[in-house]
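Engineer: Structure for this input, please:
(one chain, ligands or ions: 2)
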Amino acid sequence: MSNQSPVERFRAQIQEVVEELDISPSVYQILKNPKHIMTVSIPLERDDGTVETFTGYRSVHSDLLGPGKGGIRFHPEVNQEEVTALSMWMTLKTAIVKLPFGGAKGGVVVDPGTLSRRELQQLSRQYVQQMEPVIGPQKDIPAPDVNTNGRVMGWMMDEFFKLRGRNVPGFITGKPPVVGGSEGRVEATGRGVVVNVMQALEKLEMDPSTTKVAIQGFGNVGSVTALRLYEENVSVVAVADVDAFIYDENGLDIPEMVNYLEKKGSLQGYHHHDGSPEDIFEVECDVFIPAALENQITEDTAQSIKASIVAEAANGPTTAKGDKVLAENGIFVIPDILCNAGGVMVSAFEWMQNDSHDHWAKQVVNARLDKDMAQAFQEVYDMKEEVNNNKTMRHAAYYLAVQRLGDAMYARGWVD
Ligand SMILES: NC(=O)C1=CN([C@@H]2O[C@H](COP(=O)(O)OP(=O)(O)OC[C@H]3O[C@@H](n4cnc5c(N)ncnc54)[C@H](OP(=O)(O)O)[C@@H]3O)[C@@H](O)[C@H]2O)C=CC1
Ligand SMILES: O=C(O)CCC(=O)C(=O)O
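Structural biologist: Ligands and ions are numbered 1, 2, ... in the order given. Predicted coordinates for the structure are as follows:
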């Protein structure tokens, strides 16, 4: 387990589960590598007239259950290994929540904060131009992830339409509703996280009205999660982003913080600002929600976490050693591949709406998300309780996903 990379971690977990399920070892052989990875060099004309090239990736891990599906990340630390791992987790996620998709993920190695609006739009369009051979509504369907949003999806959609010479709205999800996006997609991931948290509180017989929550990350997922908890009268006592740590033991005014973020672009300077972002791990709380990047809960930081529940809103926030510490400390972990599946779930609703030229009301989207997410939680929980000798929720989630993928491989004649 010595400092396993995310891909090694995925492989070890899959291998363990394939052995336990006593299914064909070929299932592991098929899942251990992505189907394909496309690497592109993206030339961008900067505002000063010089040309700079950026590296972009798109990994399709699996198209067993449907077209590849997963977000596109713009971040300076994006690399092939990270994109590969993220695409692998997408395969498990879509299997757990029974969506007609495989797993994919993309990224560009860039700090979008250093680009002008024109440069960002050009980079987004160029990414689509370069990836055009491998993406499409029945092949691989992108969506937002870290540092990308509806605006970026709108530009990418426009570029794809130009390349194809016709409207193909189902090519991308997370678009603005005015051009075929689904109501509720922006909030979907955070909303789904909160469904999971409320279910876990109920199972552990914890009272939401006295529950205290700490959240690392206050971007799309972190801020919506905080706002939904606030709406449910669950007290969010601490939040951190890259620069700021905000704490109030009596509960933060989340709507005020969201307004501040919208105006200023970051929490830096918000009046409760005290301490450093790493202090988030030390907070006295009942629920800890990592909603930033991978590998944040390590052997060290896991020791500091005082919560009874960790709800993994981010993808891959916990290292293998961190996970071991959480388990030893009896912490109930809602694994990423279940906890943050609300986003891809509403992306699936968007894709279905595009396919049938329909537009669902927000209440319809939210009601279906709440119901399907609660059911997915229950299925993983039942697996943990009844079949899996009370191992962790992560183990149960992997078990359920690999069982479904193995069944599909058998049905398609890939394995005996
Ligand atoms: N968007 C979606 O629909 C989905 C996202 N996810 C996952 O959720 C996570 C967050 O994504 P999303 O909210 O979309 O991304 P955003 O880019 O909107 O937000 C990321 C947030 O994380 C913060 N952050 C980054 N590093 C740290 C750190 N070391 N300490 C504290 N805060 C940090 C950023 O701070 P700052 O703003 O200061 O840089 C920002 O607040 C990712 O793991 C993503 O893959 C999963 C499913 C769907
Ligand atoms: O909405 C989607 O299609 C994918 C979201 C995503 O990238 C994720 O769940 O990690």
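Engineer: CA only for contacts and neighbour counts going forward, please
Structural biologist: Will do.
Engineer: so does the helix ranked longest in the chain get close to ligand 1?
Structural biologist: For the chain, the longest helix by residue count, based on DSSP state H, is helix 362-382. No - against ligand 1, helix 362-382 shows no contacts by CA under 6 Å from any ligand atom, the least distance being 13.4 Å.
Engineer: Need the mean per-residue confidence for that helix.
Structural biologist: In this model, helix 362-382 has an average pLDDT of 98.
Engineer: just checking, what packs against that helix?
Structural biologist: Where contact means 3 or more CA pairs under 8 Å, 6 or more residues apart in numbering; DSSP states H and E, helix 362-382 is packed against helix 185-203, helix 342-355, helix 393-411.
Engineer: so can I have a markdown table of those helices showing mean pLDDT, distance to Pro142 and mean neighbour count?
Structural biologist: Formatted as a markdown table, the helices and strands packed on helix 362-382 follow (pLDDT from 0 to 100; distance: least, CA to CA, whole Å; neighbours: other CA atoms under 10 Å):
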| stretch | mean pLDDT | distance to Pro142 | mean neighbour count |
| --- | --- | --- | --- |
| helix 185-203 | 98 | 14 | 23 |
| helix 342-355 | 98 | 10 | 24 |
| helix 393-411 | 96 | 21 | 21 |
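Engineer: How much space separates the residue nearest to Asp372 when sequence neighbours are not counted from ligand 1?
Structural biologist: Spatially, and ignoring its direct neighbours in sequence, Asp372 is nearest to Val97 (7.5 Å; CA to CA, 6 or more residues apart in numbering). Applying CA to the nearest ligand atom, to the nearest Å, the value for Val97 to ligand 1 is 13 Å.
Engineer: so who does Val97 touch?
Structural biologist: 338, 341, 345, 372-373, 376 (CA atoms under 8 Å, 6 or more residues apart in numbering).
Engineer: got the residues of the stretch 201-350 of the chain near ligand 2?
Structural biologist: Residues of the stretch 201-350 of the chain lying near ligand 2 (CA under 6 Å from any ligand atom): 341, 343-344, 347.
Engineer: Check the residues you listed one by one and keep those near ligand 1.
Structural biologist: Restricting those to those near ligand 1 by CA under 6 Å from any ligand atom leaves Gly343.
Engineer: how about the residues of the stretch 251-400 of the chain near ligand 1?
Structural biologist: Listed as neighbours of ligand 1 in the stretch 251-400 of the chain under the rule CA under 6 Å from any ligand atom: 266, 277, 291-293, 313-315, 340, 343.
Engineer: again, 5 Å this time
Structural biologist: Counting by CA under 5 Å from any ligand atom, the residues of the stretch 251-400 of the chain close to ligand 1 are 291-293, 314-315, 340, 343.
Engineer: List the neighbouring strands of the lengthiest strand in the chain plus their orientation.
Structural biologist: Ranked by residue count and defined by DSSP state E, the top strand of the chain is strand 51-62. Sheet partners assigned to strand 51-62 using DSSP bridges are listed as strand 36-45 (antiparallel), strand 103-109 (antiparallel).
Engineer: Convert the C-alpha atoms of the last one to PDB, please.
Structural biologist: Taking only C-alpha atoms (Å, rounded to 0.1, in the frame of the first residue of the first chain), the coordinates of strand 103-109 have been written out as PDB:
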ATOM      1  CA  GLY A 103     -16.500   6.100 -17.700                       C
ATOM      2  CA  ALA A 104     -14.400   8.900 -19.200                       C
ATOM      3  CA  LYS A 105     -12.600  12.100 -18.100                       C
ATOM      4  CA  GLY A 106     -10.600  14.900 -19.700                       C
ATOM      5  CA  GLY A 107      -8.400  17.700 -18.800                       C
ATOM      6  CA  VAL A 108      -6.100  20.400 -19.900                       C
ATOM      7  CA  VAL A 109      -2.800  21.300 -18.100                       C
END
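Engineer: contact partners of it?
Structural biologist: By CA under 8 Å, 6+ apart, the residues outside strand 103-109 that reach it are 54-63, 67-79, 83-84, 86-94, 140, 142.
Engineer: any idea how far it is from the chain center?
Structural biologist: 12 Å (CA atoms, centre = their mean, to the nearest Å).
Engineer: State the next helix or strand along the chain beyond it.
Structural biologist: Using DSSP states H and E, the helix or strand that follows strand 103-109 in sequence is helix 117-131.
Engineer: Any buried residues in that following helix, and which?
Structural biologist: In terms of neighbour count (16 or more other CA atoms under 10 Å), helix 117-131 has its buried residues at 119-131.
Engineer: between that helix and strand 51-62, how many degrees?
Structural biologist: Helix 117-131 runs at 50 degrees relative to strand 51-62, counting by axes from the mean of the first three to the mean of the last three CA atoms, to 10 degrees.
Engineer: What is helix 117-131 packed up against?
Structural biologist: Using 3+ CA pairs under 8 Å, 6+ apart: helix 117-131 touches strand 36-45, helix 150-164.
Engineer: For ligand 1, which of the ones you listed is the nearest?
Structural biologist: Ligand 1 lies closest to helix 150-164 among these, at 10.0 Å (CA to the nearest ligand atom).
Engineer: picking that back up, for the residue nearest to Asp372, grab phi and psi.
Structural biologist: phi -100, psi 20 (degrees, to the nearest 10).
Engineer: separation between the residue lying farthest from the centre of the chain and ligand 1?
Structural biologist: Seen from the C-alpha centroid of the chain, the residue lying at the greatest distance (CA atoms, centre = their mean) is Gly49, 36.1 Å away. Here the criterion is CA to the nearest ligand atom. By it, Gly49 lies 28 Å from ligand 1.
Engineer: Tell me the confidence at that residue?
Structural biologist: 97.
Engineer: same thing with Glu386?
Structural biologist: The per-residue pLDDT reported for Glu386 equals 79.
Engineer: Can you pull out the residues in contact with stretch 300-309?
Structural biologist: Identification of contacts with stretch 300-309 by CA under 8 Å, 6+ apart yields 200, 281-288, 322-323, 325-326, 330-334.
Engineer: go again using 10 Å as the cut-off
Structural biologist: Contact partners of stretch 300-309, identified using CA atoms under 10 Å, 6 or more residues apart in numbering, comprise 197, 200-201, 204, 206, 212-214, 278-289, 296-298, 318-319, 321-334.
Engineer: of the helices and strands packed on helix 362-382, which approaches Ser41 most closely?
Structural biologist: Closest of the helices and strands packed on helix 362-382 to Ser41 is helix 342-355, at 27.5 Å (criterion: CA to CA).
Engineer: same for that closest one, what does it pack against?
Structural biologist: Applying 3 or more CA pairs under 10 Å, 6 or more residues apart in numbering; DSSP states H and E, one finds that helix 342-355 contacts strand 68-69, helix 80-96, strand 140-141, helix 185-203, helix 362-382.
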